[in-house]
Structure formats: structure tokens, C-alpha cells
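# Need coordinates for the following:
(chains A and B)
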Protein chains: 2
Amino acid sequence: MRVSQLAQATALAVVLLFANTATIGHANAAEAESMIPQEALDSVAALREQALASDLGYRITESLTTEVGPRLAGSEADARAVAWAIARFKALGYDKVWTEPVTFPKWERRSERARVVGANAQPLAVTALGGSPAGTVEAEVVRFADLAALEAAPAGSLAGRIAFIDYRMERARDGSGYGPGSRVRSRGPSAAIHAGAAAFVMRSAGTDSHRNPHTGITRFDEGLTPIPSAALSVPDADQLSRLLALGPVRMQLALDCGWDGEYTSQNVIGQIDGSERPDEVVLIGGHLDSWDLGTGAVDDAAGVGITMAAGALIGKLPQRPARSIRVVAFANEEQGLHGGKAYAEAHAVDVGKHVIAAESDFGAGRIYGYSSSAPEYAAEADRRIAEALAPLGIEHLPGKGGPGPDIGPIAAKGAAWGWLAQDGTDYFDLHHTPDDTFDKIDPQALAQNVAAYAVFAYLAASVENDRASGFGSAPTSEDGTAIGK
Amino acid sequence: MRVSQLAQATALAVVLLFANTATIGHANAAEAESMIPQEALDSVAALREQALASDLGYRITESLTTEVGPRLAGSEADARAVAWAIARFKALGYDKVWTEPVTFPKWERRSERARVVGANAQPLAVTALGGSPAGTVEAEVVRFADLAALEAAPAGSLAGRIAFIDYRMERARDGSGYGPGSRVRSRGPSAAIHAGAAAFVMRSAGTDSHRNPHTGITRFDEGLTPIPSAALSVPDADQLSRLLALGPVRMQLALDCGWDGEYTSQNVIGQIDGSERPDEVVLIGGHLDSWDLGTGAVDDAAGVGITMAAGALIGKLPQRPARSIRVVAFANEEQGLHGGKAYAEAHAVDVGKHVIAAESDFGAGRIYGYSSSAPEYAAEADRRIAEALAPLGIEHLPGKGGPGPDIGPIAAKGAAWGWLAQDGTDYFDLHHTPDDTFDKIDPQALAQNVAAYAVFAYLAASVENDRASGFGSAPTSEDGTAIGK
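Numbers count the residues shown, from 1 in each chain, chains lettered A, B, ... in the order given. Now for the predicted structure:
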């Protein structure tokens, strides 16, 4: 291997220091181990303490939830949120602020109502699932304990009736109960149609006990005619279940909602330029849109507030890290990762410039764990980041976790991801409900998140492979993806 | 004093053994001390344990909240609740079941909506106060920290604007925060009118942090033209307050609700006849109506369940107490104690037959304290009741407490009251909100309540003054109130 070849391999390994192993399969790990300069390790403690003492992330979160409020993708408030984010990045002193378009179909919620009719007549607290069509159905309710039970219902067996999945989601720190809970939402409506049902209702995918139903996107399998699909609050699912135990129940479900054309929103991006290699970026972010029922505080104004504040605090340091910190406020995460997909498409040509990417989109609880997709040659740098996070009560959990939702698309193109695991024990009490409001956020926990993101981003942006070597952009293949992908 | 005179004084003292001291001012306490027979004291422990082990009260509460659901006074569900109570008393084996009419003006809630308009446009979670007229007002909001601040606003100073009282109710075991909280609701609208306001909104009188506003009755001072009056949920009051800190806020409040004629409901009464003096009664009860937002579980299906179950358990004892246990499911407590007032009117002639009366209307929390309005001559019997309650974790709190709301009117006519103090720490998280549903009730706490009411009612119905004396009805004056009143 000639010296110039070694230098090239080294530069690749530096820039993609955390990238999926698949992308750097040809790099020589032993020769190209990534390191964090001692100056960066020395100065990160002060940044961590400064972030812990700052209420900046909390105030940004307050501003978005208060001044914009609910910001359903495609609504009038979507545009206000974009304007808010641009103004806020600028006010925070970001070096560059720009937007990138994100186009998606627009879904509107106009009204929603459910009630038991007959001898036990009473209203039920309900919300349409995102993507549901409008429609009014009055029919007998048939209860299923879980998704599998409905999927097992013979075709036509529910003709003209309302399918009700009464699956109770489990509470867990890591949110692991949401997988089966959200599958009811995403797959239940199609299963109901296959069985001939006229409408679909579910016990909300949530862990609370309030009269606040949990919305969220659903999809209908190709070729099916969509049916009105909604979620009952947890106490209303309890009530319906008790009534069904007494005998047949007729329900009226009346939804006015549906798709209406297209809308173009924006990913709003702010960048703190790096001191040495500003075109190489550490990407952090959250999503700017929210569901409409609450003000999207834990989902995901908190993520926007945490990462905007982390970037701003790094920007105010006397010594900038070598690479840039890019903060992305993603458009329309809720209805299908539209912002994350658009970002990955727009940046397919420079995936290799993305050192690592992490999204905060799991509420505002304290971060308890850290991991990344760092390959073997970056293990030492990764371990140093974990060491710098440890004083925040964060455990190193190599091999666990995954990319945040909007990071998924660019991670699939070869970018490495970081995972800063938030305590989600209470997240699904609030997620996608009217109760997702600013008062639910603990300012101390939010500051811990800002400190963790600041430490992570600062050190990742400071990593070098061989301080004597030259640095450069990562080579990319002709189709724009990183070499090795 | 002749023997016959002594006997008459004794009988009065027995029957009114707990009555307000004013009503028995002429009785000789030393000669007529009330006692509880040893057999009753011996057998009450078994009743207490049986009640603690029973889920009867819980099942009655479940039945009312599930099968009838919300039961706003005067609504279609009011009649269903009356039918439910009659059927339930009969099924529980009560000896006598009857109804007594209660007529009141009927108030209806049809729709309600509030939103901030302008640059920070967003919906707010709101509910009309009971008694509010319909109306749509769009105007600037003026915030007041408390009722006194609004009352101090000069006449005309709020012309055309919306008055907002942002008073935060305090949490307390004994519910003491509700006094000032509910005064905002009852007096705020009139104060707003005096200052010229076009509408009134308040931070809900509640201690929760959910998007569930607390309704409740309000009244307008004589001669005023009512204005639309509503309560914001606690998080929405927080939000409005934050927005007001940023600058002027315009709100649109749109209420469709109002008074519509009269309705006649029923107090539903079940009686377990006493073995010796069945026309003398210990009255216990709760109220059958609820607000419409929830299913009225803690307010007050629990009270109905607790007292219906306590009476039923006494009715199944091998040995009945001397006097009758009368359980009243009062009509329309929520809009002005209509059921309690009607009962007191209808029973003005036989107030003297009411040994003591207690209503359970403070939720479903454990009972922590007991007191009564027992006069000196009944102190020993009262102490024995307190002793029998002590194993349930209930402290004797003489001099504390007061009559439940529907007991107030008959207590004002001379009936004694008992106070079984429930832990209300969480009561105002749920009270008058959509969240007042069955799932909030702890079955163990409810069983402890049933045990306490059973012990109390059984021993009060067993009290005697002088076991060798004859017993009879209490003499009443010509206007039907007890002698001495």
C-alpha cells in the first residue's frame, strides 16, 4: 500500500468513522483507528456543565408549543412552524439557516364522534386515525383481544359490523410496548376490511388512563377500500369492553376527515460551521410537525428544543469543533417520515459527509443509555463519547438501540447513527394525545438531554483519525452513496 | 319531673340522640345518656370484616357508571338512572323502595369551543359552566390572578372583553382548596358582568394537569344579564397565561347551551326496616345524578354504591338493628342540591324520626376520619361508633367536619349529621371532568368505605337511651319540625 493510498483510506475512515461497517468494509481498522483529541476531551466537561445549567432547550420548547401550538403537517400551523424555526435558528446565532422542500399528501381532521346507542346510550371519547377516510357507521361492535385474533377472522365474517381491537399496550422504559401497540393501528384497519367490517376502532396505543384518545397514522393495504378507523381512549375501551360483556353493543362512529391534495412544507436546517472541515457534519435534530390534538411538546418540540439548544451552545464555545453541527427540524415525521426521507434523498450525494446522525424523538425523559453504529475502528472514539456522557447518568449500551425515525432513511444510505436513549416510561401516557403539552416537561430532564446531545455532537465533530494526516471529504460512488454501500 | 315526663324526654333524646344541641336544649343529658347495646357492639366486627371482604359496593358503582354512564340531571339518562336505582334496590333485597319527586330547571350542553385567534391561532380545551347561556364572543382576554382582582375591576372597565380568572386551586386531603376554587366558578361570572365583560373564562377548579376542563354550576346575581361562562383545562389556562405574557390575546368562545324548561326527576329511596322502631331512620346516601362529561364515578356513583351496599349488607344480617336504614339516591345534587332540598321539604314533618344522616359525596378515597354533630348526651355512643371504625384506620375527629351536601337541608331542620371523611387528595383531579370514570376507583378503598358506612349505620340504628324505657316517635311541633328547633 502506497502512502497516498493509506492516506485516502484513513480519510475515509475518519469521515465515516461511525458509518455502518458495510460502508467501510475495505478500510483497515488497525491502521485507521479514530481518536478524539485531548483538547476536546478536556473542554467537554465545561460544555456539559454549562448545558446542564442552561434552560435554553426548555425555553425553545416552550416557545414552539406556545406560539405555534399544534402543528399538523399541511395545516396553516405547519407554515407558522417553519417560519418559527427559521427565525429561531437565526436568533440563536446559527451560521447558516436554510430550508429544503418536503412534499406530501395532506390529511385533515374536521370532526369525530362516537357513541353507544340503545339502552346504554352514552358518548365515547374517540379520535380518527391519521389517514382515515370520512364516514358515519352505526353497527354492532365485535371485540377482538388483539391483532392476531382479528387477522384470523374469516373473510366476510364481520360484514357490516365494527371491528374493535381491545389490545392493551404495555408500559416500558424503552418503549418496547409500542411495537405491538402501533401494529394494531397500522395493520388493524386492513385486517378489519379483509373480514368485511364497515369500520374499525381500537383501544388507544397508550399507557395512560385518561379520556384522551391517541391518534397516529394508519395505512390501508393496496387495493382495499378504506373504512373509517379510529382509536378510543383507554377508559372508553374499558367501558366498551364492560358493555360488551353485558350483551350486544351498537355504536355510531362519525368521522369527518380525509386526504385533500398535496402540501409542500420544509425541513428547516441550521448549521454551526466547523473550524476545520465545515462540509463534514454531525447531524442532530427532531421533528417540527406534531399531531393536532395536543401542542406536540414531548412529540417532538422537545427534540427540536434539545438539539437546537445543543447546537447553539456549541456555537458559542470559544473553540469550535473541526466539523459542523447540523440541526434539522424535520417536516412531517408523523405521517410517514416525509422529512427524513426528503433529507436522505436531497443528501444522497453527500451521505459520506455525514459523520454520524441522531434524532431526539422519544419525549423529554432523561437519557439513560448511549450507543452508536460505530464500527470496530471507531470503538475507541465511541468509548470516549460514552465516558463523557457517563457523568450525566448515561450508561454505555453498545449493540443496543437504532436510528431515530427521521435518521432511518439516511442511515439506510450508509450514514452512521447515534442513539441517546430517553426514559420513555411515561412517554406513551402523552404521545399523540391532547395531553401532549408543555406543562408535562421536566426542565431538569430536558437540560440533561441538551447536555447529552451537546457532548455527543461536540465530540463526534472533533474526532480525528491521525492528527498528522490531511483531512478531506469522503469519496462517494457515482450514484452519490458512500463507497462500500 | 313525673315518670311519664321523664319517659317522654328520654324518648326524644333517644330518637334525636345525635341531633343538633339546639334541638334538644331542654333534655337532661345526665338522665338520658345514649348507649349502644353490647350485642350490637359484639356483632359489628363481623359486619365490618364482611363488608371489607365484599366487592358489592364496587360492583354497584360499576353497574351505574357502565350501564347508565353520564347522567346529567334532566337528560334522557336521568330517567334511566332512576329506573336503574329502583331496580337495584329491589334486587339487593331492600324492604321498601320508593321515589319522591324532585323538580328543577333543566340545563342542556350542546356544544362548546374556544380558540385563540390571530398569529398564535390554536384551539383551547374548554367546557361551559352549568347555567351558562349560549353565545359566541370573539374578544381580547384580560387576565386576573384571582376572584378578588376581578371583583376590584371598575364597572365598565372590561367592556366587550373576556375576563379570565387564572386562580390555581390547591390540592388537600380534606378538599379545602375547593372553597376558593369553586367560588371563582360561582361568583366569577357575575363579577365579570359587573365589570362589563362579554364573556367569562376561568382556570378549572381542579388539581390535575390534563386537557380535561372541570365543569360545575354557576349562578348569576339577580338582575344581571348572563354571559357565556366557561372553564379552560389546567394546561390550557397555563397556555393562555403564557400567551398573555407575550402580548394581547384574542379568543373566540362559542357555547351552545342553556336552560330549557323544567324537569321532574326522583329521589330514589330504599329502606332496610328496623326490628323494633322501623319508623325511626338512619339516613345514608349519595347522589344519583352526575355531570355529563364523565360517567360520574367518583362523583357520585361511588357514594351510591357505598351506601346501597352498606344498607344491603345490614339487611342480610341475622339480627336487624332496632331502627331502619334508609338509603337515598338523591336527584340533581350538582345543580343546586335539588334532591336534598326536596327530601328535607318532603320530610319536614318527620325530621324527628331521623336519628342521624350522612352522605358519601367526596369520591372513593379511603375514609380517614369520623365525627358527628352528636350532643353531649350522645357522646358515649358516638365514641363507641368511633371505636368500631378505628380498625378501618379511621380517626375520631370530634368537632371537625359537617353534613354532606344533600344532608345540609335536613340538618338545617334539626337532623344530626355524621361525617365519614374521605381522603380527597386526588378527588379534584377527576371531579366534574371527562376523566371521572370507573377505572379511577380502587376496589379496596371502596370496600373500606362500605365497611365504614355499614358500621356507622348499624350502630347508630342500634343506639338506645335506656333499654328498660319504652320507645316511640319523636314529638314534633305543629309545623313539623322537631321540638326544640
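# residues touching A:I284, list them.
A:307, A:310-311, A:325-328, A:357-360, A:453, A:456-457 (C-beta atoms under 8 Å, 6 or more residues apart in numbering or on different chains). C-beta coordinates here come from the backbone N, C-alpha and C atoms, glycine included.
# Now the residue nearest to A:H287 when sequence neighbours are not counted. Its backbone dihedrals?
Spatially, and ignoring its direct neighbours in sequence, A:H287 is nearest to A:E333 (3.6 Å; C-beta to C-beta, 6 or more residues apart in numbering or on different chains). Here is the backbone geometry of A:E333 (degrees, to the nearest 10): phi -70, psi -40.
# so how far is A:M169 from A:E333?
20 Å (C-beta to C-beta, to the nearest Å).
# returning to what we had before: surely the residue nearest to A:H287 meets A:A342?
No - with contact defined as C-beta atoms under 8 Å, A:E333 does not reach A:A342; the gap is 11.0 Å.
# out of those two, which sits in the busier spot?
Using other C-beta atoms under 10 Å in any protein chain shown as the criterion, A:E333 and A:A342 rank with A:E333 on top: 27 against 24.
# The helix ranked longest in chain A: which residues count as buried?
In chain A, taking DSSP state H as the definition, the longest helix is helix A:443-462. By neighbour count with 16 or more other C-beta atoms under 10 Å in any protein chain shown, helix A:443-462 contains the buried residues A:445-462.
# same question, stretch A:384-393
Using 16+ other C-beta under 10 Å as the test for burial, stretch A:384-393 gives A:384-386, A:388-389, A:392.
# How is A:A329 assigned, secondary-structure-wise?
Under DSSP: H, G, I helix; E, B strand; the rest coil, A:A329 falls in the strand class.
# Give me the pLDDT value at it.
Looking at A:A329, its pLDDT stands at 99.
# my guess is it contacts A:L283, does it?
No - applying C-beta under 8 Å as the test, A:A329 and A:L283 come out as separate, 11.8 Å apart.
# Which positions in chain A make contact with chain B?
A:62, A:66-70, A:76-77, A:80, A:116, A:119-123, A:125, A:209-212, A:234-235, A:238-239, A:242-243, A:246, A:294-295, A:433-435, A:437-440 (C-beta under 8 Å from any C-beta of the partner chain).
# which of the residues you listed are buried?
A:62, A:66-70, A:77, A:80, A:116, A:120-123, A:125, A:210-212, A:234-235, A:238-239, A:242-243, A:294-295, A:433-435, A:437-440.
# Among those residues, which are located in strands?
A:116, A:122-123 (DSSP state E).
# Quickly name whichever of these is closest to B:D299.
A:Q122 (16.4 Å; C-beta to C-beta).
# Contact partners for the closest one?
Per C-beta under 8 Å, 6+ apart, neighbours of A:Q122: A:115-116, A:239, B:68-70, B:77, B:295.
# And for A:S462?
A:36-37, A:40, A:321-323.
# Give the buried subset of these as a ChimeraX selection command.
Typed into ChimeraX, the line below selects the buried ones among the contacts of A:S462, using 16+ other C-beta under 10 Å:
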select /A:36,40,321,322,323
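# Just the element for A:L317, please.
Assigned by DSSP states H and E, A:L317 belongs to no helix or strand.
# Once you drop chain neighbours, what's closest to it?
Using C-beta to C-beta, 6+ apart, the closest residue to A:L317 is A:L47 (6.6 Å).
# For that neighbour, grab the count of nearby residues.
Per other C-beta under 10 Å, the neighbour tally for A:L47 reads 22.
# which parts of the strand or helix carrying it are buried?
A:L47 is part of helix A:38-53 when elements are defined by DSSP H and E. Neighbour counts over helix A:38-53 (16+ other C-beta under 10 Å) mark A:40-41, A:43-44, A:47-48, A:50-52 as buried.
# Confirm that A:E334 sits in a helix.
No - A:E334 is assigned coil when assessed by three-state DSSP, not a helix.
# correct me, but it touches A:G130?
Yes - contact criterion C-beta under 8 Å: A:E334 and A:G130 qualify, at 6.9 Å.
# the more surrounded of those two?
The neighbour count for A:E334 versus A:G130, taken as other C-beta under 10 Å, is higher for A:E334 (26 against 23).
# Now do that one against A:A85, distance only.
16 Å.
# got a list of what the nearest residue to A:A77 once chain neighbours are set aside touches?
Spatially, and ignoring its direct neighbours in sequence, A:A77 is nearest to A:R71 (4.2 Å; C-beta to C-beta, 6+ apart). Counting by C-beta under 8 Å, 6+ apart, A:R71 touches A:77-78, A:80-81, A:288-290, A:292, A:296.
# circling back to that earlier point, closest to A:W417 out of the contacts of A:Q122?
Out of these, the member with the shortest distance to A:W417 (by C-beta to C-beta) is A:Q239, at 42.0 Å.
# What pLDDT does the model give A:S34?
At A:S34, pLDDT is 76.
# Would you confirm that A:A390 contacts A:R383?
No - with contact defined as C-beta under 8 Å, A:A390 does not count as touching A:R383 (10.5 Å).
# Show the pLDDT at the residue nearest to A:A77.
pLDDT at A:R71 comes out at 98.
# Could you do A:E376 as well?
pLDDT, read off for A:E376, is 82.
# Could you report the neighbour count for it?
Neighbour number of A:E376 under other C-beta under 10 Å is 13.
# so what's the residue in the stretch 351-485 of chain A that chain B sits nearest to up against?
The minimum distance from the stretch 351-485 of chain A to chain B, using C-beta to the nearest C-beta, falls at A:P434 (3.9 Å). By C-beta under 8 Å, 6+ apart, the contact list for A:P434 reads A:212, A:293-294, B:125, B:211.
# is it true that A:A331 touches A:G285?
No - judged on C-beta under 8 Å, A:A331 makes no contact with A:G285 at a distance of 11.1 Å.
# now the helix or strand hosting A:A381, how far from the centre of its chain.
Secondary structure assignment for A:A381, by DSSP H and E: helix A:379-389. What separates the centre of helix A:379-389 from the centre of its chain is 24 Å, taken as C-alpha atoms, centre = their mean, to the nearest Å.
# Can I get the one helix or strand A:D256 maps to as CSV, trimmed to CA atoms?
Under the criterion of DSSP H and E, A:D256 resides in strand A:250-272. Output of strand A:250-272 as CSV, limited to C-alpha atoms (Å, rounded to 0.1, in the frame of the first residue of the first chain):
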residue,chain,number,x,y,z
ARG,A,250,-74.3,-0.9,18.8
MET,A,251,-72.0,2.0,18.2
GLN,A,252,-72.3,5.0,16.0
LEU,A,253,-68.9,6.2,14.7
ALA,A,254,-69.0,9.5,12.8
LEU,A,255,-65.7,10.8,11.3
ASP,A,256,-65.2,13.8,9.1
CYS,A,257,-61.6,13.7,7.9
GLY,A,258,-59.5,12.6,4.9
TRP,A,259,-56.9,13.3,2.3
ASP,A,260,-57.0,16.6,0.4
GLY,A,261,-54.4,17.2,-2.2
GLU,A,262,-50.7,17.8,-1.6
TYR,A,263,-48.7,20.2,0.5
THR,A,264,-45.1,21.3,0.4
SER,A,265,-43.5,22.0,3.8
GLN,A,266,-39.9,22.4,4.6
ASN,A,267,-37.1,20.7,6.5
VAL,A,268,-35.6,23.7,8.4
ILE,A,269,-31.9,23.4,8.9
GLY,A,270,-29.4,25.4,11.0
GLN,A,271,-25.7,24.8,10.9
ILE,A,272,-22.9,25.7,13.3
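# Could I get the average pLDDT for the next helix or strand after it?
Where DSSP H and E defines the elements, the next helix or strand beyond strand A:250-272 is strand A:277-287. For strand A:277-287, mean pLDDT is 97.
# and the angle from strand A:277-287 to strand A:250-272?
Orientation of strand A:277-287 against strand A:250-272 (axes from the mean of the first three to the mean of the last three C-alpha atoms, to 10 degrees) gives an angle of 160 degrees.
# Cool, thanks, talk later.
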